[in-house]
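> Sequence and computational prediction follow.
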Amino acid sequence: MSKRKFYWLFWALMFFGALLILSQVGYSDGDDAYFYQHAHDMGFVQYIGMRYEQWVGRVTGEALVYLTFRMGLWFWRVVNALMLVLLPIGILRLADACENMNDGKAGIMAAVAAVSGYLMMDAMTLGYAAVWVNGSIFYTWTFTCGIWALFPVARCVFEHEDADGQERCGFQLQGKIAGWQSFLYGIPCAVIASMSIEQMGAVLLVFELLALFYCAWKQRRIPVLLAVQTLCSAIAYAILFAAPGNAIRSAQEVVTWMPEYATMSFGQHLFITVQWLLSSFANENRLFLCGIWIVGMLLLRQKHGEKNLIWEGAAVLFTLAALLPYLGITVCSDLGMNLPDITEKIDRVPAVSDLTGGSLFAICWWILALVFTFAFLWKVSEFDVTLLLVYLAGIASEAILFFSPTMYASGARVYYLTDLLYLFLILCLSFRMKKKMRNRFYAGMAALGTLNVLFQVPVFLSHL
């Protein structure tokens, strides 16, 4: 069997494995029951109108929810299994395009690494965003669309020149690759992603605008279809925020989840956002930072052929500190949030006065870790602006919860996009390694992900 056939066999097995797991999942109480009832009691237009007027502007996400709950569980299981495959394929293809790896030629081990991203996630992040019925529709399905919408954007920016010296871009029909075909799915995917979850829409729109600016500045022209896709994304995003239901939803969620939201000072609001964000990197997202630090160390060693004690030493130190919770040591991961059940109303949010010396140390440690990671990426990538922007986008996609009273109640699913962005970043950096070192790194990613799953088996079992 050729390597290419084995590559696609891997993805087929991934699909059937996901389908097998999802066949054991049913509707949950609460939101799933709500959507099931309304999808069967209302017509499509009536349902979308009701949600847009009374609750949220996520029109495309709501449309997918309505369709799915009308079609039934097996429809969701098959489509969700497909999306769980298309998502890592999309991230891998996007990294291929950015690093000019020639579309999938990175090999089977790169596919294993991409799938290992699921294993490296926190159990609650994966559960709420990929296995919960309505959560998977809003997050996995629409994020998959967002990732695939970025592929034609990346081709416009990163593809090399043709033999005649003319720069290729998406709307050109000449040359070896007619990139306009990718916009046939890119534009619809962009609309779906922009009118679903605000995090994904913001990231997509920002990168589309940056790509337009780059093409106009560097190539001295604007790709027509890229401009069309960006305009469609902007309109869809505007429709999302124009919904009358947004104000109703926000007011109700303040009462339901965080009564102090309406009266807290800017300083207090900023503090709880920073504390919550840093806690996510100290706990739920930490393995992806470890992946960045490890791949960075390997690249430095490959480029310079000798130890760089300052950069590598700091990366090792941060990596070891991030792995301490596996040994039951929380000195660097307990940031003093100490919240009760986040599924219940938070009557009193954390305050600066609640911090102990240990939690203050942990906060300072992770501020230093995030700043170091930016500088480290600058060093390792030799100031690759794209990778630095992806890193910042991962932080910004969580920081946007500053504007939401459901920052705690939204749970770990809001970390999903950060994990996916950092998986992309890790793959991009890994493509700069020599093949032998790269495959060893991918094997290490799979081992780390497997270890993470084993440590979280009690969490998985408690939700069966």
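It's in.
> what's the helix or strand for residue 378?
helix 357-381 (DSSP states H and E).
> ok, and what's touching that helix?
With C-beta atoms under 8 Å, 6 or more residues apart in numbering as the test, helix 357-381 has contacts from 274-275, 278, 281-282, 289, 292-293, 296, 299-300, 311, 314-315, 318, 321-322, 331-336, 355, 384, 387-388, 391-392, 395, 425, 429. Quick note: C-beta positions are derived from backbone N, CA and C, even for glycine.
> how about it: buried residues?
Within helix 357-381, the residues scored as buried using 16 or more other C-beta atoms under 10 Å are 359, 362-363, 365-366, 369-370, 372-373, 376-377, 380-381.
> same thing with stretch 187-195?
Under 16+ other C-beta under 10 Å, the buried positions of stretch 187-195 are 187-195.
> Does anything pack onto the helix or strand where residue 418 lies? Which helices or strands?
Assignment of secondary structure by DSSP H and E places residue 418 within helix 416-430. With contacts defined as 3 or more C-beta pairs under 8 Å, 6 or more residues apart in numbering; DSSP states H and E, helix 416-430 has these neighbours: helix 73-99, helix 108-120, helix 142-158, helix 198-218, helix 286-304, helix 357-381, helix 385-399, helix 435-455.
> That helix relative to helix 435-455, how many degrees between them?
150 degrees (axes from the mean of the first three to the mean of the last three C-alpha atoms, to 10 degrees).
> Let's see helix 416-430 as CSV, backbone CA atoms only.
C-alpha atoms of helix 416-430 as CSV (Å, rounded to 0.1, in the frame of the first residue of the first chain):
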residue,chain,number,x,y,z
TYR,A,416,-11.2,25.1,22.3
LEU,A,417,-10.2,27.7,19.7
THR,A,418,-7.0,28.5,21.6
ASP,A,419,-6.0,24.9,21.5
LEU,A,420,-6.7,24.6,17.8
LEU,A,421,-4.7,27.7,17.0
TYR,A,422,-1.8,26.5,19.0
LEU,A,423,-2.0,23.1,17.4
PHE,A,424,-1.6,24.9,14.1
LEU,A,425,1.3,26.9,15.4
ILE,A,426,3.0,23.7,16.6
LEU,A,427,2.6,22.0,13.3
CYS,A,428,3.9,25.0,11.4
LEU,A,429,7.1,25.0,13.5
SER,A,430,7.5,21.3,13.2
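> starting at the chain centroid, how far to it?
Distance, stretch centre to chain centre, for helix 416-430: 8 Å (C-alpha atoms, centre = their mean, to the nearest Å).
> for stretch 348-359, same thing?
Put simply, stretch 348-359 sits 29 Å off its chain's centre (C-alpha atoms, centre = their mean).
> do the same with stretch 64-81
Relative to the chain's own centre, stretch 64-81 is displaced by 22 Å; criterion: C-alpha atoms, centre = their mean.
> end-to-end on that stretch?
End-to-end distance of stretch 64-81 (C-alpha to C-alpha, to the nearest Å): 15 Å.
> Same check on stretch 409-420?
21 Å.
> what's it in contact with?
For stretch 409-420, the surrounding residues in contact (C-beta under 8 Å, 6+ apart) are 87, 91, 117, 120-122, 124-125, 128-130, 135, 139-140, 143, 147, 197, 199-200, 203, 253, 256-258, 280, 284-285, 288, 342-343, 346, 394-395, 397-398, 401, 404.
> Please apply the same query to stretch 308-324.
Against stretch 308-324 from outside (C-beta under 8 Å, 6+ apart): 282, 286-287, 289-290, 293-294, 296-297, 300-301, 330-333, 365, 369, 372-373, 376, 379.
> quick one: contacts of stretch 278-289?
When contacts are defined by C-beta under 8 Å, 6+ apart, stretch 278-289 is touched by residues 117, 120-122, 124-125, 318, 322-323, 325, 332-333, 335, 337, 362-363, 366-367, 369-370, 373, 398, 412, 415, 418-419, 422-423, 426, 448-449, 452.
> returning to that earlier point: what average pLDDT does the helix holding residue 378 get?
For helix 357-381, mean pLDDT is 97.
> Check stretch 233-241 too.
Per-residue scores along stretch 233-241 average to 96.
> average pLDDT for stretch 405-416?
For stretch 405-416, the mean pLDDT works out to 92.
> buried sites along that stretch?
Buried, per 16+ other C-beta under 10 Å, within stretch 405-416: 405-416.
> just stretch 210-223 next, same as before
By 16+ other C-beta under 10 Å, the buried positions in stretch 210-223 come out as 210-212, 215, 222-223.
> Repeat that for stretch 56-70.
Neighbour-count burial for stretch 56-70, with 16+ other C-beta under 10 Å as criterion, is recorded at 56-66, 68-69.
> and the residues you listed as CSV, adding distance to residue 41?
Converted to CSV, the buried residues of stretch 56-70 look like this (distance: C-beta to C-beta, whole Å):
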residue, distance to residue 41
56, 18
57, 22
58, 20
59, 19
60, 21
61, 19
62, 15
63, 17
64, 18
65, 14
66, 11
68, 16
69, 11
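> Need those in TSV (columns: secondary structure, pLDDT and distance to residue 438).
Formatted as TSV, the buried residues of stretch 56-70 follow (DSSP: H, G, I helix; E, B strand; the rest coil; pLDDT from 0 to 100; distance: C-beta to C-beta, whole Å):
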residue	secondary structure	pLDDT	distance to residue 438
56	coil	91	42
57	coil	93	43
58	coil	95	39
59	helix	96	42
60	helix	96	37
61	helix	96	36
62	helix	97	42
63	helix	97	41
64	helix	97	36
65	helix	97	40
66	helix	97	43
68	helix	97	38
69	helix	97	43
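> and of the residues you listed, the nearest to residue 155?
Proximity of those to residue 155 (C-beta to C-beta) peaks at residue 60, which lies at 23.7 Å.
> Show me what the worst-scoring helix or strand of the chain on mean pLDDT packs onto, helices and strands only.
Lowest by mean pLDDT, DSSP states H and E among the helices and strands of the chain is helix 457-462, with a mean of 85. In terms of contacts (3+ C-beta pairs under 8 Å, 6+ apart), helix 457-462 is packed against helix 123-126.
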